[in-house]
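Student: Sequence plus the predicted model coming up.
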Amino acid sequence: MNTVLIKNAKIVNEGKIVEGDVLIENEFIVEIAESISPKSVDCKIIDAEGNYLIPGAIDDQVHFREPGLTHKGDIASESRAAVAGGITSFIEQPNTVPNAVTQEILEEKYQIAARTSFANYSFMMGGTNDNLDEILKTNPKNVAGIKLFLGSSTGNMLVDNQETLEKIFSSTKMLIAVHCEDEATIKANLERYKLQFGEDIPVEFHHLIRSEEACYLSSSKAIALARKTGARLHIFHLSTAKEMELFTNKIPLEEKQITAEVCVHHLWFSDEDYKTKGNLIKWNPAVKTASDRSALWEALLDDRIDVIATDHAPHTLEEKQQSYLKAPSGGPLVQHAVVAMFEANHQGKISVEKIVEKMCHNPAKIFKIEKRGFIKEGYYADLVIVNPSMPWNVTKENILYKCGWSPFEGYSFKSRITHTFVNGELVYQNFKVKETPVGQRLLFDR
């Protein structure tokens, strides 16, 4: 039997921090108490005094690039980086190559993850203008949800047919997650800047091309359609102050039919950072202004926004170093997301309890993930120990992404993840990942 006893931890769970011990047997948490004695001589004891013990973070939006784009990243490399960053479960998006828009392609991704994933995994089924039959075959028990791109993306995944969209929204009870940017607005903005700069548009204009209006127009339409059809809607990576008026904190999360996510980069960077970071912070939706960022923080803290995620989307440095129009959008984040939020805690922006609510509890609630996202007896032992005062620098040598770079390179974080457990296995300790993948397929209580 694999038995681990974590002693003297500051256990963070459901809005409280309590000092105590947690006993793990095999895959599960079996006891939580003020003090627990080891039950056998071969019980591994970890003294976590002065450190936080949090549930493993659940990242509801990643792009791990397998199959088809594995020069940028793959399920093995990016899930290794995730567990090093305290993310023990991920939900991956369908815009791989080929796009995961049939049940057969979707299942192939699950089979790859079963062999190679260091973290627990689920994959979203992708929607297109012509695959409703395939969407309706999706099993709600073992697939996280349906993903729709309402702004351009990789391959044939832009869903811009209004009739199709309405059919999808009204035909499935599954959670529908959407990328909201209005394509026509973006195209018109782009043409305007091309007239001014030709092919040499500076990256500083990215947030004006993929503008506030493009985001608001698309997300407000998606919400109107969800209200009309009764669909269960989750809006990914919100980036503007204006969109915040679309969401409510007047009802408990469990009763919300429309939920919202913000990503780490939209909480961290602003358009002022394009000068120094350039294409490294070119994301879709774009990083917007400092006042947009302030509004996102406000909505996160007052519960209009429900989840913090990463939209982890690696590209090679060579790809990113091209001109603005040629450089792809997206960046790697899973290894640094949790410590970035702990940095915000050091800055007085967010409590540790709130970080856990938004990165662990709420993704589990929104997707109805079975037995994960909380520190509870009978739950899987997906656990992370965070030392809040152990500074470290992000360097090329300790970046685990296959692409080998990070927008945080050179930054010194005050907090460090010292241990990560996935399904009761200690998979990461002080910059070293255990080389045996132990991730399991996420299951859903619905």
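Tutor: Structure received.

Student: Could you list which residues are in contact with the closest residue to Lys109 other than its chain neighbours?
Tutor: Leaving aside its sequence neighbours, Lys109 sits nearest to Phe123 (C-beta to C-beta, 6 or more residues apart in numbering; 4.8 Å). (Each C-beta comes from the backbone N, C-alpha and C, glycine too.) Counting by C-beta atoms under 8 Å, 6 or more residues apart in numbering, Phe123 touches Ile91, Glu92, Pro94, Ala100, Leu106, Lys109, Tyr110, Ala113, Val143, Ala144.

Student: mind listing which of those are in helices?
Tutor: The helices, defined by DSSP state H, take in Leu106, Lys109, Tyr110, Ala113 from the contacts of Phe123.

Student: Let me have the residues you listed in JSON lines, extended by pLDDT, distance to Asn362 and neighbour count.
Tutor: Below are these laid out as JSON lines (pLDDT from 0 to 100; distance: C-beta to C-beta, whole Å; neighbours: other C-beta atoms under 10 Å):
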{"residue": "Leu106", "pLDDT": "98", "distance to Asn362": "25", "neighbour count": "21"}
{"residue": "Lys109", "pLDDT": "98", "distance to Asn362": "25", "neighbour count": "21"}
{"residue": "Tyr110", "pLDDT": "98", "distance to Asn362": "24", "neighbour count": "16"}
{"residue": "Ala113", "pLDDT": "98", "distance to Asn362": "23", "neighbour count": "26"}
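
Student: Pretty sure Asn26 sits against Val4.
Tutor: No: using C-beta atoms under 8 Å, Asn26 is not in contact with Val4; the gap is 9.9 Å.

Student: and those two? which has more neighbours close in?
Tutor: Using other C-beta atoms under 10 Å as the criterion, Asn26 and Val4 rank with Val4 on top: 21 against 13.

Student: Okay, helices next: where are they in the stretch 251-400 of the chain?
Tutor: Taking DSSP state H, counting those that start in this stretch as the test, the helices found in the stretch 251-400 of the chain are 264-268, 274-277, 290-301, 317-320, 337-346, 352-356, 362-367.

Student: Nearest to Gly85, out of the ones you listed?
Tutor: Judged by C-beta to C-beta, the one of these that comes nearest to Gly85 is helix 337-346, at 5.6 Å.

Student: Now the closest one: average pLDDT?
Tutor: Mean pLDDT, helix 337-346: 98.

Student: and the ones in helices among the contacts of Phe123, which two are the farthest apart?
Tutor: That would be Leu106 and Ala113, which, of the ones in helices among the contacts of Phe123, are the farthest apart (C-beta to C-beta) at 11.2 Å.

Student: what about the nearest residue to Ala231 once chain neighbours are set aside, helix or strand, and which?
Tutor: In this structure, Ala231 finds its nearest non-sequential neighbour in Phe169, 4.1 Å apart by C-beta to C-beta, 6+ apart. In this assignment (DSSP states H and E), Phe169 forms part of helix 162-171.

Student: Ok, Glu19 next?
Tutor: Taking DSSP H and E as the definition, Glu19 sits inside strand 16-25.

Student: Okay, buried residues for that strand please.
Tutor: Of all the residues in strand 16-25, those buried under the rule 16 or more other C-beta atoms under 10 Å are Ile17, Gly20, Asp21, Val22, Leu23, Ile24, Glu25.
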